[in-house]
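Chemist: using only what follows, build the 3D model:
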Amino acid sequence: QVQLVESGGGLVQAGGSLRLSCVASGRTSDSFVMAWFRQAPGKEREFVSALKWPAKYIYDTDSAKGRFAISGDNAKNTVYLRMNGLSPEDTAVYYCAAAASCSGSGCYASASYDYWGQGTQVTVSS
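Modeler: Just a heads-up that it's a prediction; the model follows:
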């Protein structure tokens, strides 16, 4: 079993920045894919970015590129999501997720992920 705990969410003004953290514990593996998803009220959960260890290959989306950056510290079993230039449209609950195995387009799908954190709220005011 793997436990994921997110932190770092909060209220920020438009144009501001936040850094989310996700600490993994339990039966983790260096081969896991660690990802961030988000879900806004009334919308489906959507992929934000993912990091595949140990090669550190990054899966990204057009909406995240240039504003969001995923990174990880394998020694700390921690994945980060640095978010810059936040807008009210980024308001959502952000979830950390871990997949024991995924590749290619599969890593963009929530169904590929085996473990989920409880989520951290990010609210961006205009």
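Chemist: doesn't Cys102 fall inside a strand?
Modeler: No: read with DSSP: H, G, I helix; E, B strand; the rest coil, Cys102 is coil and lies in no strand.
Chemist: now the most centrally placed residue in the chain: closest residue in space that isn't a chain neighbour?
Modeler: Closest to where the C-alpha atoms of the chain average out (CA atoms, centre = their mean) is Trp36, at 1.7 Å. Spatial nearest neighbour of Trp36, excluding adjacent residues (CB to CB, 6 or more residues apart in numbering): Val48 at 4.2 Å. Placement of C-beta: from N, CA and C, glycine included.
Chemist: contact partners for the one you found?
Modeler: Contact analysis of Val48 by CB atoms under 8 Å, 6 or more residues apart in numbering lists Ala35, Trp36, Phe37, Arg38, Thr61, Ala64, Phe68, Ile70, Leu81, Tyr94.
Chemist: assumed it was part of a strand.
Modeler: Yes: counting by three-state DSSP, Val48 is part of a strand.
Chemist: if we can go back for a sec, the contacts of Val48 in strands, which ones?
Modeler: Among the contacts of Val48, the members falling in strands (DSSP state E) are Ala35, Trp36, Phe37, Arg38, Phe68, Ile70, Leu81, Tyr94.
Chemist: who wins for neighbours among these?
Modeler: Ala35 (29 neighbours; other CB atoms under 10 Å).
Chemist: could you give the bridge partners of it?
Modeler: Ala50, Ala97 (DSSP bridges).
Chemist: what about it, distance to Arg67?
Modeler: Applying CB to CB, to the nearest Å, the value for Ala35 to Arg67 is 17 Å.
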